[in-house]
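Engineer: what shape does this take:
(chains A, B, C and D)
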2 protein chains.
Amino acid sequence: MSTSRGARQPTIKEVAGLAGVSPMTVSRTLAGGRNVRPDVQERVMAAVRELGYYRNENARSLRPGQPSGLVGVAITNLANPYYGNFALGVEEVAAEHGRRIILGNSGEDAGRERQLVSDFIGRQVDGLILVPTSGDAEHLRPERLGEVPLVLASRRVPGLEVDTVLLDDVGGSYRGTVSLLEAGHTRIGFLGNRSSVFTGARRYAGYERAMLEGGAPIDPAIVARDQQDVAAASRAARAMLELPDPPTAIFSANNRNTIGALREIGRRIRDGLPGPHPAVVSFDDFELSELMPVPVTIIDHDAQLLGREAARLLFARLDGSADEAARTVELPVSIEFP
Amino acid sequence: MSTSRGARQPTIKEVAGLAGVSPMTVSRTLAGGRNVRPDVQERVMAAVRELGYYRNENARSLRPGQPSGLVGVAITNLANPYYGNFALGVEEVAAEHGRRIILGNSGEDAGRERQLVSDFIGRQVDGLILVPTSGDAEHLRPERLGEVPLVLASRRVPGLEVDTVLLDDVGGSYRGTVSLLEAGHTRIGFLGNRSSVFTGARRYAGYERAMLEGGAPIDPAIVARDQQDVAAASRAARAMLELPDPPTAIFSANNRNTIGALREIGRRIRDGLPGPHPAVVSFDDFELSELMPVPVTIIDHDAQLLGREAARLLFARLDGSADEAARTVELPVSIEFP
DNA sequence: CTTGCGATTGGTAACGTTACCAACCTACCG
DNA sequence: CGGTAGGTTGGTAACGTTACCAATCGCAAG
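Structural biologist: Okay, the predicted model is just below:
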């Protein structure tokens, strides 16, 4: 009787034996069949099917210069739907180029990122796509990466001149803040990341510029710049909304902070606290934003497109432009009014 | 002058040469250093650092029986945040076991899934974790997979006896529907997937049982079972809400359908159409559900936990229980009232 | 019938690593 | 001081594949 467990993977030699040809002929057939007689190809393919043979891609890429067909991708936070979409964009373009992605979650930890990159290189990835952490980036220096091209997404790393895909963080934040000023708000709170996070600095810069140009004072009491998760964002929003002079609007520099702020605003509405409740501008879209109890303006962008663009830069470099200078693509954002 | 591009990856021989030892000693040092003199280990590690050497994991796993340290993961839709969290759960547990994941998006296409699995096996993955598509599953039969263990998540495949992690779809849907009946609703619409999708069938079964037991008639006019995306779900919701006798509540069997339904309800509220607007029960959580303009009951579960559990089953099988019968874990769901 | 050319096929070596075995060295015991 | 055990090191072969070259085949032209 046959057991439920299958057998060892067959090798090319066994296929060759069954088909009555040499391993070379099997290899050639699988590589497209150039200079192999059609009837021989038939026999080989029959043997392949019969044995359930899969070419060993690792052995294949052992030969130097042979691409492994793998792209290493490290993300800071896969739980964030934004990065899920980013990964999907990378995956799609990689698949179009016949590549797979190896995915790792760095969790904003530079040490973990370093491990991931080591492992990726050890697996002979053809390229790396990272959303870099804000920590030490010694492990990303060109001399450490050898010939493996690197593309950064979302964030730049100081001193590292590599292909990079960014969003128009400054412009988007500026325009978002301006829309609040134009609506008559002058007391506008800020929720975001600290300056050491690349996007944190850029998005604050856009807010700051709009406020300065609009003649609106920036009150440190309603600027909170160190929330990484929803719970912390809620607490920060609560603190500023409980002030004697709370902000009339809140600029939120990312997804997590927006959710946190809206959760707090929702709680205040449910608890019957007196309004008016603050308007919100959010850098990053989220589903059903149009159903929120306060008007939410979205600074929208396409994470999947960001991923696709990062992958395109990588494959452009793999397909020839190896020696050209590093390129930066800055993707536009759009503003969606409530 | 030094160019910005790094050099070829050094091999173990070059490290050995620089350290003045044999490749074997380098290999042993990197494998933990058993039976290598400490001063020699020092010299080896210095050479490793100097040259920027990374062990070639592909060559390493060439030897049969050696694990590759890779787990192949295929997801039906990575854009869905639910699956992003699933992937994260798998990634975390895999990382705890020193493994990486290779990720592919099948997009509900069985052919694409087959390609992904072929590629994964060709890369000598230690195991596979799939959210299977509903199509032909010939490529998942044990004789096709050889020795590679497979874990299914979210959905079962008919006729395939392998380790599986499921949600309590039937129970959750039943309890969710009962909560609507208890609130006095009898005309309850259904939005979900068709029966050929495993969860589509199970979640409908829970709804059906609750309706039958509650003596509420099931009207085919308010049962829509073929929406894969948000736009289709919106259209289906619109169709049933425009009936002369619209449902007073809607049971939505997943994330995408919930968003679609709520978008349509929001539109009707904004357009000033007369209510009452339907209550919603949603299988799958989403952020800020508590801020919706109609009460939303959530049948909640933890996608990340589902991923972790799937990975645990896989590693349990890799770590010994290879010959035991297939196990199924059914994770509970919780009901969150508005 | 010979020659030559292109198409087809096979043998060998190499990719980078580690298991296995053999050789060596050291130190301690008798 | 010889013997031996254990710790340390190196050589060889093999993992599965494909590039390169050599060999063979078929066929058409002379």
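Engineer: sec struct for A:Thr186, please.
Structural biologist: coil (DSSP: H, G, I helix; E, B strand; the rest coil).
Engineer: what about the residue lying closest to it once chain neighbours are set aside, how many residues nearby?
Structural biologist: With Cβ to Cβ, 6 or more residues apart in numbering or on different chains as the criterion, A:Thr186 has its nearest non-adjacent residue at 4.4 Å, and that residue is A:Ala216. C-beta: built from backbone N, CA, C; applies to glycine. A:Ala216 has 16 neighbours, counted by other Cβ atoms under 10 Å in any protein chain shown.
Engineer: what about A:Ala216, distance to A:Gly206?
Structural biologist: A:Ala216 is 14 Å from A:Gly206, where distance means Cβ to Cβ, to the nearest Å.
Engineer: go on, A:Ile250?
Structural biologist: Applying Cβ to Cβ, the value for A:Ile250 to A:Gly206 is 15 Å.
Engineer: so between the two, which is more surrounded?
Structural biologist: Neighbour comparison, A:Ile250 and A:Gly206: the larger count goes to A:Ile250, with 32 against 24 (by other Cβ under 10 Å).
Engineer: for the more buried one, name its beta-bridge partners.
Structural biologist: As for beta bridges, A:Ile250 partners with A:Gly189, A:Val280 under DSSP bridges.
Engineer: show the contacting residues for it.
Structural biologist: Listed by Cβ atoms under 8 Å, 6 or more residues apart in numbering or on different chains, the contact set of A:Ile250 reads A:Ile188, A:Gly189, A:Phe190, A:Leu191, A:Ala237, A:Met240, A:Ala261, A:Pro278, A:Ala279, A:Val280, A:Val281.
Engineer: quick check: it vs chain B, distance?
Structural biologist: 15 Å (Cβ to the nearest Cβ, to the nearest Å).
Engineer: how about A:Pro81?
Structural biologist: Going from A:Pro81 to chain B by Cβ to the nearest Cβ gives 4 Å.
Engineer: that residue contacts B:Tyr83, correct?
Structural biologist: No. When contacts are counted by Cβ atoms under 8 Å, A:Pro81 is not listed as touching B:Tyr83 (9.9 Å).
Engineer: contact residues of chain A facing DNA strand D?
Structural biologist: For chain A, the contact set with DNA strand D under Cβ under 7 Å from any atom of the strand comprises A:11-13, A:23-24, A:27, A:30-31, A:55-56, A:59-60, A:62-63, A:66.
Engineer: ok, 10 Å please
Structural biologist: A:8-16, A:22-31, A:35, A:37, A:53-63, A:65-66 (Cβ under 10 Å from any atom of the strand).
Engineer: follow-up on the earlier one: adding distance to A:Val333, neighbour count and pLDDT, write the contacts of A:Ile250 out as JSON lines.
Structural biologist: Output for the contacts of A:Ile250, formatted as JSON lines (distance: Cβ to Cβ, whole Å; neighbours: other Cβ atoms under 10 Å in any protein chain shown; pLDDT from 0 to 100):
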{"residue": "A:Ile188", "distance to A:Val333": "19", "neighbour count": "26", "pLDDT": "97"}
{"residue": "A:Gly189", "distance to A:Val333": "21", "neighbour count": "28", "pLDDT": "97"}
{"residue": "A:Phe190", "distance to A:Val333": "17", "neighbour count": "26", "pLDDT": "98"}
{"residue": "A:Leu191", "distance to A:Val333": "18", "neighbour count": "29", "pLDDT": "97"}
{"residue": "A:Ala237", "distance to A:Val333": "23", "neighbour count": "31", "pLDDT": "97"}
{"residue": "A:Met240", "distance to A:Val333": "25", "neighbour count": "23", "pLDDT": "96"}
{"residue": "A:Ala261", "distance to A:Val333": "19", "neighbour count": "30", "pLDDT": "96"}
{"residue": "A:Pro278", "distance to A:Val333": "22", "neighbour count": "25", "pLDDT": "96"}
{"residue": "A:Ala279", "distance to A:Val333": "19", "neighbour count": "22", "pLDDT": "95"}
{"residue": "A:Val280", "distance to A:Val333": "16", "neighbour count": "27", "pLDDT": "96"}
{"residue": "A:Val281", "distance to A:Val333": "12", "neighbour count": "30", "pLDDT": "97"}
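Engineer: in terms of distance to A:Pro132, which of these ranks first?
Structural biologist: For the contacts of A:Ile250, the minimum distance to A:Pro132 (Cβ to Cβ) is 22.5 Å, reached by A:Leu191.
Engineer: what's near enough to touch the nearest residue to the closest one once chain neighbours are set aside?
Structural biologist: Excluding its sequence neighbours, the residue lying closest to A:Leu191 (Cβ to Cβ, 6+ apart) is A:Asn257, at 4.0 Å. Applying Cβ under 8 Å, 6+ apart to A:Asn257 gives the contacts A:Leu191, A:Gly192, A:Gln227, A:Ala233, A:Ala236.
Engineer: recalculate using a threshold of 10 Å.
Structural biologist: Contact analysis of A:Asn257 by Cβ atoms under 10 Å, 6 or more residues apart in numbering or on different chains lists A:190-193, A:224-225, A:227-230, A:232-234, A:236-237, A:250-251, A:280, A:282-284.
Engineer: now list the buried members of those.
Structural biologist: Buried members of the contacts of A:Asn257, counted by 16 or more other Cβ atoms under 10 Å in any protein chain shown: A:190-193, A:224-225, A:227-228, A:230, A:232-234, A:236-237, A:250-251, A:280, A:282-284.
Engineer: in strands only, show me the residues you listed.
Structural biologist: A:Phe190, A:Leu191, A:Ala224, A:Ile250, A:Phe251, A:Val280, A:Ser282, A:Phe283 (DSSP state E).
Engineer: ok, the last one to A:Val296 distance?
Structural biologist: Summarising the geometry, the distance separating A:Phe283 from A:Val296, computed by Cβ to Cβ, is 12 Å.
Engineer: isn't A:Phe337 up against A:Pro295?
Structural biologist: Yes. Counting by Cβ atoms under 10 Å, A:Phe337 touches A:Pro295, with 8.1 Å between them.
Engineer: okay, the two: which has more neighbours?
Structural biologist: A count of neighbours by other Cβ under 10 Å puts A:Pro295 above the other of A:Phe337 and A:Pro295, at 16 against 10.
Engineer: which residue is the nearest non-sequential neighbour of that one?
Structural biologist: In space, A:Pro295 is closest to A:Pro338, 3.8 Å off (Cβ to Cβ, 6+ apart).
Engineer: which residues of chain A fall in strands?
Structural biologist: Under the criterion DSSP E, chain A carries strands at the ranges A:70-75, A:100-105, A:127-130, A:150-153, A:163-167, A:188-191, A:223-224, A:249-252, A:279-283, A:296-300, A:328-331, A:334-336.
Engineer: count of neighbours near A:Arg209?
Structural biologist: A:Arg209: 16 neighbours (other Cβ under 10 Å).
Engineer: identify the spatial nearest neighbour of it, chain neighbours not counted.
Structural biologist: Nearest to A:Arg209 is A:Tyr174, by Cβ to Cβ, 6+ apart, at 5.5 Å.
Engineer: quick check, pLDDT for the residue lying closest to A:Asn193 once chain neighbours are set aside.
Structural biologist: Residue nearest to A:Asn193 in three dimensions, not counting chain neighbours: A:Gly200, with 3.0 Å by Cβ to Cβ, 6+ apart. On the pLDDT scale, A:Gly200 is placed at 94.
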